Structures are given as structure tokens and as C-alpha cells.
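>>> Let me see the structure of the following:
(one chain, ligands or ions: 1)
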Amino acid sequence: MCSDIAVQTAHLSKSYHIYDTPRDRLWQLLSRGKKHFYREFWALQDVSLTLRKGETVGIIGRNGSGKSTLLQLICGTLSATSGSIHSHGRVAALLELGSGFNHDFTGRENVYMNGAVLGLSRAEIDARFAQITDFANIGDFIDQPTKTYSSGMLVRLAFAVAVCVQPDILIVDEALAVGDASFQFKCLNRLEALTQQGTTLLFVSHDMGMVKRFCNRVIYLREGRVRASGSPEEMAELYLLEMRDEQRRWASGGAVPVAPKAFLDKQGGIAFGTDEGHIVAACFTNTDSLYSSFVYGETIQICIQAQVRDTIELPSISVTIQEARLLVIGGANLPLQMEAAHDGWRKATITVHFPAALSAGKYHITLKLMNGHSEETAQLIEKQVALLAFDTLPGTKDFLGFVDLGIEAGHALQTSTLGERQ
Ligand SMILES: Nc1ncnc2c1ncn2[C@@H]1O[C@H](COP(=O)(O)OP(=O)(O)OP(=O)(O)O)[C@@H](O)[C@H]1O
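Numbering: from 1, shown residues only. From the prediction side, this is the model:
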């Protein structure tokens, strides 16, 4: 295998035997394989992928699409029905909560057992033990059986072992969702440090924000097969498109499908929606184009034209401002004032403005045409992903983060007043 490859799978498949009744299982035992009393179910089919050293790869897909099966096959806790897997280096995995632990053992004993499974000698675990307990931060519970741990404590200890053994490949299955916010933050920092040192990270998440923030690449599984793989932004949008499609078909009894649509920028991009309406045009008013740049404090103004079928009751436009990796910074849903109907369609033009109270950098604006006035209840008609782009140039104002919240010091309180409140 080429030296920069961490994991390679070829035509990897996993099938389960499904018995419709317990009696069928018994018949199967008695027939000694002469006849089949089961149905074959392919949880994973023909998955070929290559993960390079230091890559952070996200696996996304709806429930039951085969994500956990793939991770378990790669870390060797499940055997494949066909196909091959080659991995290079030490593989540490955080799969089902506490799955690597023997719950009659104490935390300390489990750390040693887990370390040994990962190929570390007793002396090597001794040398890392303080670092592990420090990271897990579960105090005296380290000497209690892990069956007395809360789910958060289990994940803390499992995570501490996995990251402190300096794995070459780290596999994480939604484990982070269990820990509290401060632990998640600590873990994310540690994961970032590990990948910078060359660890390959493979992780499953339903949180598209996390996937966009963390991954270099995303593999989207659907019904056990690789549906697509590519940039986190593209894969998250494709996943969303297909989820939306399913919801709309379901809500409309199959009448309204969501499909890819023409992107308004000729340079290419992602757009999808229904045939109930369109975003006809959009531009920054200062450049009359989809691109612009602003100095801190200037007003950013965009103009949007849209049209919807006259059956749409509550047409609205959602404007979302995103940073370079498309993480949302802010936005608003704005009702559209429609013109009179003409040939079954109604048109509207809206201008939207907000201050460039942003740190210097590149930003995108995603537009969504919707039916309904709130993000939760509205139905999507068209989404143009990151259609507009602008730069903000460095200003003189000094603040932290992306947005200037206008934080200022108030009048100083008398020390004695503070004392009285304690
Ligand atoms: N032991 C088993 N016997 C039969 N079917 C199984 C078994 N384990 C998993 N499956 C099936 O395989 C499919 C893939 O399961 P898997 O757990 O990999 O999905 P997933 O994408 O991780 O789902 P989720 O997002 O819900 O965790 C599912 O339809 C599941 O029901």
C-alpha cells in the first residue's frame, strides 16, 4: 500500500440474515444450510474508499444508511461478507458508548485493558496514565467500576484513552454528542491537534455544522452504498436536498418533488427546489453583480427578484450570511410583498441591507425562497447556496470573532457595591 494511505477498502459489503419469525431461525439451524429460511439484507454494499494520512473524513447519511457498519468493519469489530480492508497503523475507535469497556472493571483497569488492546505496553500506559485521567477529569471515579458511570463519564474516559494513545487512525461514531459543551470543546481542540500531527480521523455525525467545520472530505452513504463523496459543503447540501425532497413528497402526497435547479451564477454552484417558484435575480446594489467588497461599517445592500405561483400563500425570502466554510453567522426571514398575479405567477422585488460589522474576510450569502414565515414551518421553494460573495476589508475597530456585537465597558461599579451583592 502507498505510504500516505491510512485506510483502503475495496468493494466492501456486509449482509445480515433476517428471520421473519424465531421459528425460521430454528428451521435454519436444523436444515444445516441445505435451505434458506432467511432474507438477505445488505447493510453495506460495494464500498471502495481510500483515506489518506492526516485526512479528516466525515460519514453522513440518514438513519440505517450503513455508517456504523462501515466504521465497525474498518476497526475490525465486524467482519465483512465480501471485499477487503487494509489499514496502516494503530486504529483507535469510539463506537457505541462504553463498548470497549468491561463494566465490572474499574476505570483504571479499563484504561490498562484498552491500552493493551491498542498495542501499548504497561510501561507506555503508565507513562500516559496521568494525561488520560487529566483529560477525562472524572476524579475519584477512576477507581470505581465503569458500570457506575454516567454516559457522559463513560465517553470522557473512552475519549481520553483514544486520543492519548496517539492513534494513527481515529474512528468516532457520534460519541461527541454525549459529552457536555466544555468537554466537546476540549475534544474538538484535541482532535484538531491530532489531525495536524498526521492522525487520520473518520467520524460519523448528523451535525452538518460539525462536519463542515471539521472535515476535509465527506462520504455520503445512502441505503448502504456510497451515494456521493466530495467537499463537506457540497455533500451537506446534497444530503439536505434529498432530505427536503423526501419531506416535500411526503407532505404533498408525492406531488411536489425537490430537484436540482439552475444556479444563478454562471460560474456554477448548488441550487435546488421545487417548480413552485424561482429566485429570478440577485445582486449587490453597489456593484450590480454577485460579488462585492466593503469596508467595516459600510452598509451591505442586496436586491433580490423572485416569482412564485399564485397558489403560494406566504412567500418569503431567507437571507443567510455565512463565513468561508459556510457556517452560519446570521440571517433573517423576510415576507415578500407580491405584485398582482399574472398568468398564474406573482413577482416581487426586495432590497435587504445590514451593516458590515464583520471582521476582515470572505463571506457568502445563501438565499432561500420559501412558503411560510418561519424557518421551522416554512416549505422550501428554492435554495441558491452561497450565491453572493463579498469581502470585508480590515477596519480600525478591534473586536473578537466574526461579528462586532458592539460590546463596550459600562460605568465602573463601586467595589463596595460589588461586595454587597456577594
Ligand atoms: N445485527 C444486525 N442484524 C440485522 N440488521 C442489522 C444489524 N446491524 C445493523 N443492521 C441493519 O443494517 C443497516 C445499517 O445499520 P447502521 O447501524 O450501519 O446504520 P447507521 O447509518 O449507522 O444508522 P444510525 O444513523 O441510525 O446510527 C440498518 O438497516 C440496520 O437495521
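
>>> beta partners of Ile362?
Quick fix: residue 362 is Lys, not Ile. Asp391 (DSSP bridges).

>>> Tyr291 versus that one, what's the distance?
Look at Lys362 and Tyr291: by Cβ to Cβ, to the nearest Å, they are 10 Å apart. C-betas here are computed from N, CA, C, even on glycine.

>>> shared neighbours of the two, anything?
Jointly contacting Lys362 and Tyr291 under the rule Cβ atoms under 8 Å, 6 or more residues apart in numbering are 389-390.

>>> For the stretch 1-150 of the chain, which residues are neighbours of the ligand?
16, 41, 43, 61, 63-69 (Cβ under 6 Å from any ligand atom).

>>> Out of those, give me the one that has the most neighbours.
Neighbour counts for these (other Cβ atoms under 10 Å) peak at Lys67, which has 25 neighbours.

>>> That one and Val172 touch, don't they?
No. Using Cβ atoms under 8 Å, Lys67 is not in contact with Val172; the gap is 11.4 Å.

>>> and for the two, which residues touch both?
Shared contacts of Lys67 and Val172 (Cβ under 8 Å, 6+ apart): Val204.

>>> so what's Thr195 up against?
Taking Cβ under 8 Å, 6+ apart, we find Thr195 in contact with 54-56, 201.

>>> same question but for Arg213, I mixed them up
Shown in contact with Arg213 (Cβ under 8 Å, 6+ apart): 325, 327.

>>> For the protein, give me the ranges with low pLDDT.
Across the chain, residues meeting the criterion (pLDDT under 70) sit at 1-2, 97-98, 175-179, 412-422.

>>> Helices along that one, start to end?
In the chain, the helices defined using DSSP state H lie at 22-31, 67-75, 107-117, 122-136, 151-164, 181-196, 208-214, 232-251, 415-421.

>>> what's in contact with the third one?
In this case it means helix 107-117. Residues outside helix 107-117 that contact it (Cβ under 8 Å, 6+ apart): 100-102, 105, 122, 124-125, 128-129, 132-133, 136, 138, 141-144, 146, 149, 157-158, 161, 165.

>>> Now do the closest residue to Val163 other than its chain neighbours against Asn137, distance only.
Spatially, and ignoring its direct neighbours in sequence, Val163 is nearest to Arg190 (5.0 Å; Cβ to Cβ, 6 or more residues apart in numbering). Counting by Cβ to Cβ, the separation of Arg190 from Asn137 is 13 Å.

>>> Next: Ala92.
Applying Cβ to Cβ, the value for Ala92 to Asn137 is 19 Å.

>>> ok, now Thr392?
Relative to Asn137, Thr392 is positioned 39 Å away (Cβ to Cβ).

>>> which stretches of the stretch 251-400 of the chain form strands?
Here the stretch 251-400 of the chain has its strands, by DSSP state E, counting those that start in this stretch, at 259-260, 271-273, 277-284, 291-295, 299-309, 315-323, 328-335, 345-355, 361-371, 379-393.

>>> And for the residue nearest to Thr106 when sequence neighbours are not counted, the neighbour number?
For Thr106, ignoring the flanking residues on the chain, the nearest one in space by Cβ to Cβ, 6+ apart is Asp143 at 5.2 Å. Using other Cβ under 10 Å, Asp143 has 10 other residues around it.

>>> got a list of what Asp143 touches?
With Cβ under 8 Å, 6+ apart, Asp143 has these contacts: 106-108.

>>> of those residues, closest to Phe284?
Gly107 (56.9 Å; Cβ to Cβ).

>>> what's the neighbour count on that closest one?
Counted with other Cβ under 10 Å, residues neighbouring Gly107 total 26.

>>> Against Ala251, how distant is it?
As judged by Cβ to Cβ, Gly107 and Ala251 stand 48 Å apart.

>>> Could you measure from Asp310 over to the ligand?
Distance, Asp310 to the ligand, using Cβ to the nearest ligand atom, to the nearest Å: 41 Å.

>>> and the gap between that residue and His342?
Separation of Asp310 from His342 (Cβ to Cβ): 9 Å.

>>> who has more neighbours, these two?
With neighbours defined as other Cβ under 10 Å, Asp310 and His342 compare such that Asp310 has more, 15 against 10.

>>> Now for the more buried one: which residues touch it?
Asp310 touches 341, 344-346, counting by Cβ under 8 Å, 6+ apart.

>>> Spatially, which two of those residues are the most separated?
Put simply, by Cβ to Cβ the two of the contacts of Asp310 set farthest apart are Gly344 and Arg346, 8.8 Å from each other.

>>> Now the common contact residues for those two.
Shared contacts of Gly344 and Arg346 (Cβ under 8 Å, 6+ apart): 309-310.

>>> how about the closest residue in space to Ala228 that isn't next to it in sequence, what does it touch?
Closest residue to Ala228 apart from its sequence neighbours, by Cβ to Cβ, 6+ apart: Tyr220 at 4.9 Å. Applying Cβ under 8 Å, 6+ apart, we find Tyr220 in contact with 60-61, 226-229, 235, 238-239.

>>> Which residues belonging to stretch 133-152 are considered buried?
For stretch 133-152, a neighbour-count test (16 or more other Cβ atoms under 10 Å) marks 133, 135-136, 138, 141-142, 145-146, 149 as buried.

>>> and what of stretch 299-309?
Within stretch 299-309, the residues scored as buried using 16+ other Cβ under 10 Å are 300, 302, 304, 306-309.

>>> Where do the domain boundaries of the protein fall?
Domains of the chain are assigned by automatic domain parsing as 5-233, 257-393.

>>> From one end of the longest one to the other, what's the distance?
With Cα to Cα, to the nearest Å as the measure, domain 5-233 spans 24 Å from end to end.

>>> More neighbours: Gly344 and Arg346, which one.
For the pair Gly344 and Arg346, the greater number of neighbours falls to Arg346 (21 against 8), based on other Cβ under 10 Å.

>>> wait, doesn't that one sit right on Ala306?
No. Counting by Cβ under 8 Å, Arg346 does not reach Ala306; the two are 9.3 Å apart.
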